[in-house]
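Student: Build me a structure from this.
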Amino acid sequence: QVQLVESGGGLVQAGGSPRLSCVASGRTPSRYNMAWFRQAPGKERELVAAISWSDGSTDYVDSVKGRFTISIDNAKNTVYLQMTGLTPEDTAVYYCAAGSRFRTSDYWGQGTQVTVSS
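Tutor: Presented below is the predicted three-dimensional model:
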């Protein structure tokens, strides 16, 4: 089992640059691929960014490329999502996920709300 706890969400003005954090604990969390998903009202949950534990490679959904950066601090068992240039379309609940394969999710955090005001 891996436990994930997100933080860093809230109300942000358009153009803002908040950083989300996700602390992992439990069974060898550093051996999992990590990802951030989001779910906006009335929409399906989508993969936003992913990072591989083995080589650090990353992947992003097209809508956030160049604006969001996923990173991981293995010493702290923490994965970050640095967001920049936020727009109201980025408003969603953001979920941290850990998966045995890249871009997958076996474990979920509880989610953190990000609301972007125009």
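
Student: and the residue most central in space within the chain, what is it in contact with?
Tutor: Computing the C-alpha centroid of the chain and ranking residues by Cα atoms, centre = their mean puts W36 first, at 2.6 Å. Applying Cβ atoms under 8 Å, 6 or more residues apart in numbering, we find W36 in contact with 20, 22, 47-50, 70, 79, 81, 94-97. Any C-beta I mention is one placed from the backbone N, CA and C, and that applies to glycine too.

Student: so where's the protein uncertain?
Tutor: By pLDDT under 70, the low-scoring segments of the chain are 29.

Student: thinking again about what came up before, now, the contacts of W36 that are in strands?
Tutor: Among these, the members falling in strands (DSSP state E) are 20, 22, 47-50, 70, 79, 81, 94-97.

Student: Roughly how far does the residue nearest to L47 when sequence neighbours are not counted sit from E46?
Tutor: Using Cβ to Cβ, 6 or more residues apart in numbering and skipping the chain neighbours, the partner closest in space to L47 is F37 (5.5 Å). Here F37 is placed at a distance of 6 Å from E46 (Cβ to Cβ, to the nearest Å).

Student: what about those two, which has more around it?
Tutor: Set side by side, F37 and E46 show more neighbours around F37, with 23 against 12, by other Cβ atoms under 10 Å.

Student: which stretch of helix or strand covers the more buried one?
Tutor: According to DSSP states H and E, F37 maps onto strand 33-39.

Student: Assumed G16 was part of a strand.
Tutor: No: counting by DSSP: H, G, I helix; E, B strand; the rest coil, G16 is not found in a strand; it is coil.

Student: So it sits against L86, correct?
Tutor: Yes: assessed by Cβ atoms under 8 Å, G16 is found in contact with L86 at 5.1 Å.

Student: any residues in contact with both of these two?
Tutor: The contact sets of G16 and L86 overlap at V116 (Cβ under 8 Å, 6+ apart).

Student: higher neighbour count, the two?
Tutor: L86 (22 against 17).
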